[in-house]
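In: Test case, fold it:
(chains A, B, C and D)
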Protein chains: 2
Amino acid sequence: MKATIHDIAKIAGVSKSTVSRVISGNGYVSPEAREKVLRATEVLNYRPNALARAMVSRHTRNIGVIIYRQHYPIASHPFYGKILDSILETAAQMDYSIFVSTDQEISSRSADFLLEKRVDGLILISRLNHELIDYFKGSDIPFVMVNGSTDDQDVIHLVNDDLNGGRMAADHFLACGYRSIAVIAGPQDHRSHSLRLRGFRARLAESGIHLADRQICYAATSQFQEGYQFVHTMRKEAQMPEAIFATNDMMAIGAIQAISETGGRIPTDIAVMGFDDIDFAAMSNPSLTTVKSAKSQMGRQAVEMLDQLIQGNTDLPKRAQFSAELIVRSSTHSSSLSNHKE
Amino acid sequence: MKATIHDIAKIAGVSKSTVSRVISGNGYVSPEAREKVLRATEVLNYRPNALARAMVSRHTRNIGVIIYRQHYPIASHPFYGKILDSILETAAQMDYSIFVSTDQEISSRSADFLLEKRVDGLILISRLNHELIDYFKGSDIPFVMVNGSTDDQDVIHLVNDDLNGGRMAADHFLACGYRSIAVIAGPQDHRSHSLRLRGFRARLAESGIHLADRQICYAATSQFQEGYQFVHTMRKEAQMPEAIFATNDMMAIGAIQAISETGGRIPTDIAVMGFDDIDFAAMSNPSLTTVKSAKSQMGRQAVEMLDQLIQGNTDLPKRAQFSAELIVRSSTHSSSLSNHKE
DNA sequence: CTGAAAGCGCTTACAG
DNA sequence: CTGAAAGCGCTTACAG
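Out: All right, here's what the predicted structure looks like:
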């Protein structure tokens, strides 16, 4: 268990240098010497000490993933968890190990990672503030940003095409013939929610439908409760629209539950649409029409781009944008039928 | 960014030894010397190199988490992801960093972790075979097992009291007055599913209700589809029970969707109960009655126990079992009313 | 209280 | 093709 290069050298009857050469694969070694060394490693069940290696080689093959979120869940979050899964899978294939950490932006605990030289690169997920971005830029550790907004041209960031996704949602509503529409919009300081709303409104406006402010509920968070509450509030005020668009699936599912509880039928009485296509969208009751965000692709690409950066490739695109995709399920009418209630 | 102990020593006008003493906090240092060193670390924005430290101190303050699952999702899995979240949170508080890895039991890739000395201890999640357990036992790295079965008395493992949980589910059904009951049982080679079923049947038997084999659907996986399919199959055969118990929430939610799709009312026509209390149990439509498994406690305790092991504490209980808890929601009748249909 | 020396387990030039 | 030496950035006894 604790064999070192020194033990191998002794058993194989060669120098440590030679052992190192066959283990690392660098430099010439005679077939006989190689054979002896290999045999010795077998006997002692030798594995090189990654720490010592990293110490001199200056790279660890570790990648740090930091997810910036105020609240738990984080790993089990249906959106961020999916990205993390994809990162884990890709990293395993590329022989990187993953450190997972979460942070709340305020603390700079996450910064320890890079200062302590334990990772070759970082994947930063979700929004983080300017100071932090500048901080990372000031370091010599490569990093990519996933699903966070920045107007900094130097920062490599991977984002979903939320603007177009919002438009696609509106398109679908228009095709269904819905004209009385309400929106549950997540935190507008978050890039995704803001762009989704913007795209949605813009597309509607092009068709002459202008959303009044009272038709938009600006939610403080982007959770289930927001959608749930909204429907109950709306119901008291007796102004139920034909269709509701929520800027993410969680809120949409909250709306669905509230509507069902009060005896409303979906989509007959009221249609509901979300955004993201989290796993649960297909399992909700009724299943949720949504716009799929490219969670897996973002995770995979993040690792691949970071790997390029680590290898010193400098001419990478600063921005990778992934297309959204409309997924029609049972919570809205099939748009081809166009069975609206005008 | 790249200041070393050597640079600090030069600026502070002391030896490297002295710098090391103030940084690590070991050994005596005069106030003046300490002051000078501290100032120098400020100036150079010094952070100790974790690799070099671990190299000599023989510990990394890294914990490896290996989740054994055949398929994705893993991090975003509603059950395992929750445990992972809890591990992440606890580890951060205790100043451990977490390596996350997944494995499929066959490969021994996960073993690299311990052989390469990159972690102080391991948390192994879900089931893993005997060889692998023996392998880890043979190493000198401490580890704890979460939610996996083993009859090995030496292995520290944390489990949920699934047997009693199954009994609690049956208790609830009995209190509701359901007598015609079906079960959707997940893979029986998995400890949890098997014990949940066993406890459920045992409790029912005590009240004179013996479940026939045809009332139990043994599912190949434990996913949504299993529950969904089961209901559709059952429906064709026109033998709908009063109530269905699924050995996890995902399958229960699948059943709910299938029942709703075919116009069944829950719980009036048929009641449904799950197990785990994943986040979506509360958000499903109707919300799901279930037995809560101690996901967060298991994650927290796993880290705490592992920390004890790492510190050399040897007299730890080999087994920690966590109580289940009944959560009654809308997919079954409130048992106090006992409004059954006899 | 402090400095010089040795060493953690490797890799990397540099001679031979 | 191979070995001796130096060094990665720390910590740990050991003298003084």
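
In: alpha carbons only for contacts and neighbour counts from here, please
Out: Fine.

In: Other residues contacting stretch A:308-320?
Out: For stretch A:308-320, the surrounding residues in contact (CA atoms under 8 Å, 6 or more residues apart in numbering or on different chains) are A:120, A:121, A:142, A:143, A:153, A:154, A:155, A:156, A:157, A:158, A:159, A:305.

In: average pLDDT across that stretch?
Out: What stretch A:308-320 shows for mean pLDDT is 91.

In: do the same with stretch A:55-63
Out: 90.

In: start to end distance for it?
Out: 16 Å (CA to CA, to the nearest Å).

In: Relative to the whole chain's centre, how far out is that stretch?
Out: Taking the mean of its C-alpha atoms, stretch A:55-63 sits 25 Å from the chain's own mean (CA atoms, centre = their mean, to the nearest Å).

In: List the buried residues of that stretch.
Out: Residues A:55, A:59, A:60, A:61, A:62, A:63 are the ones in stretch A:55-63 that count as buried (16 or more other CA atoms under 10 Å in any protein chain shown).

In: Run through the residues that contact the fourth one.
Out: I take that to be residue A:61. Taking CA under 8 Å, 6+ apart, one finds A:95, A:96, A:97, A:119, A:120 in contact with residue A:61.

In: closest to residue B:323 among those?
Out: residue A:97 (34.4 Å; CA to CA).

In: dump the residue contacts of that closest one.
Out: Applying CA under 8 Å, 6+ apart to residue A:97 gives the contacts A:61, A:62, A:63, A:91, B:99, B:100, B:101.

In: before we move on, back to that, could you find the lowest-pLDDT member of the contacts of stretch A:308-320?
Out: For these, the least confident entry is residue A:153, with 81.

In: neighbours around that one, how many?
Out: Neighbourhood size, residue A:153 [other CA atoms under 10 Å in any protein chain shown]: 9.

In: Quick check: it vs chain B, distance?
Out: Distance from residue A:153 to chain B, counting by CA to the nearest CA, to the nearest Å: 23 Å.

In: Specify the local secondary structure of that residue.
Out: Secondary structure, DSSP: H, G, I helix; E, B strand; the rest coil: residue A:153 is coil.

In: before we move on, back to that, restrict the buried residues of stretch A:55-63 to those near DNA strand D?
Out: By CA under 7 Å from any atom of the strand, the members of those lying near DNA strand D are residue A:55.

In: Which of the buried residues of stretch A:55-63 fall within helices?
Out: When helices are assigned by DSSP state H, the members of the buried residues of stretch A:55-63 inside them are residue A:55.

In: Same list, the buried residues of stretch A:55-63, but as CSV with distance to DNA strand C please.
Out: Shown next, in CSV, are those (distance: CA to the nearest atom of the strand, whole Å):
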residue, distance to DNA strand C
A:55, 5
A:59, 10
A:60, 11
A:61, 13
A:62, 16
A:63, 19
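
In: Out of the buried residues of stretch A:55-63, the closest to residue B:295 would be?
Out: Distance to residue B:295, by CA to CA, is smallest for residue A:63 among the buried residues of stretch A:55-63, at 26.9 Å.

In: Spell out which parts of the stretch 201-342 of chain A neighbour chain B.
Out: For the stretch 201-342 of chain A, the contact set with chain B under CA under 8 Å from any CA of the partner chain comprises A:224, A:253, A:254, A:256, A:257, A:260, A:261, A:280, A:283, A:284, A:285, A:286.

In: Quick one, which of the residues you listed are buried?
Out: For those, buried by 16+ other CA under 10 Å: A:224, A:253, A:254, A:256, A:257, A:280, A:283, A:284, A:285, A:286.

In: and which of the residues of the stretch 201-342 of chain A next to chain B is nearest to residue A:8?
Out: Nearest to residue A:8 among those is residue A:280, at 53.3 Å by CA to CA.

In: Next, that closest one: phi, psi?
Out: Residue A:280 adopts backbone torsions of phi -70, psi -10, taken as degrees, to the nearest 10.

In: Cool, thanks, talk later.
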